[in-house]
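S.K.: Fold the following, please.
(one chain, ligands or ions: 1)
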Amino acid sequence: MQVLGIIGSPRLGGNTDSLVDEVLAGAEEAGASTEKIILNKLNIKPCQACNTCHKTGQCAQKDDMADLLDKMLQSDLWILGTPIYWWGPTAQFKAFLDRWYHPKHEGFKGKRVILVIPLGGGNEKYARHTVGLLEDVFNYLGIQLVESVIAPGFNRYGEVKNDSGLLKKARKAGKEAAENFG
Ligand SMILES: Cc1cc2nc3c(=O)[nH]c(=O)nc-3n(C[C@H](O)[C@H](O)[C@H](O)COP(=O)(O)O)c2cc1C
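M.R.: Next up is the predicted model:
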């Protein structure tokens, strides 16, 4: 099983990154191969709605998204992580998501996802627009959301690392998703 972690936060070693690392470690415990992508390190330009991808099969923008789409197609389970920024995902994550417009998204049917969403506010409800947005996208594309790790009340850099219960939950999510694959 191939597992791809995708980090939408610019803070390396921050809350999203730390939680996704735990999910990936859990999947590895169950024998999966893992890879982690940091969106902030890639060149992913916003969709221009030119429809070139639908006409030619190639995006008009020559950036890192073509390779990332292929990596996504080659993976069985995606760990998608973004913190909440103004009730939504980060700009890096939204630019990435908009680029799913490419017809290669037809190959996303049947892919599995674990969502990882830390947020500073003390209530899960502040993540509801982001969770709802992603659930609708997944339903539309036939992607299966297997687990969500929503972590309210974390603001400071890497603060989730102090919460052993949360880390355990993240690790378990990765382990179980890999064990139950197939
Ligand atoms: C630009 C910006 C906007 C934010 N907006 C929200 C918000 O609307 N609701 C919230 O609960 N937290 C908000 N936060 C706090 C982050 O979600 C929180 O610090 C999170 O743990 C960051 O995760 P990271 O360490 O992976 O970057 C915001 C942070 C930033 C930098």
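S.K.: Leaving out sequence neighbours, find the closest residue to Tyr98.
M.R.: Just so we're on the same page, residue 98 is Asp rather than Tyr. Distances taken as CB to CB, 6 or more residues apart in numbering place Cys47 nearest to Asp98, at 4.2 Å, with adjacent residues excluded. All C-beta atoms are positioned from the backbone trio N, CA, C, and that covers glycine.
S.K.: And for Leu4?
M.R.: In space, not counting the residues next to it along the chain, Leu4 is nearest to Ser75; the distance is 3.9 Å by CB to CB, 6+ apart.
S.K.: Now do the same contact list for the one you found.
M.R.: When the contact criterion is CB atoms under 8 Å, 6 or more residues apart in numbering, the partners of Ser75 are Gln2, Val3, Leu4, Glu35, Lys111.
S.K.: How about stretch 79-87 and the ligand, touching?
M.R.: Yes - contact between stretch 79-87 and the ligand, assessed by CB under 6 Å from any ligand atom, occurs at Pro83, Ile84, Tyr85, Trp86, Trp87.
S.K.: hang on, I meant stretch 165-176
M.R.: No - with CB under 6 Å from any ligand atom as the measure, stretch 165-176 is seen stopping short of the ligand, the closest distance being 11.8 Å.
S.K.: Could you count how many residues lie near Lys111?
M.R.: Lys111: 19 surrounding residues under other CB atoms under 10 Å.
S.K.: Over to the one 5 residues further on?
M.R.: Other residues lying near Val116 total 33 when counted by other CB under 10 Å.
S.K.: partner strands of the helix or strand harbouring Ile114, parallel or antiparallel?
M.R.: When secondary structure is defined by DSSP states H and E, Ile114 falls within strand 112-119. Strand 112-119 has these partner strands in its sheet, going by DSSP bridges: strand 77-81 (parallel), strand 144-152 (parallel).
S.K.: and the longest one with the ligand, contact?
M.R.: Okay, so that is strand 144-152. No - contact of strand 144-152 with the ligand (CB under 6 Å from any ligand atom) is absent, the minimum separation being 6.9 Å.
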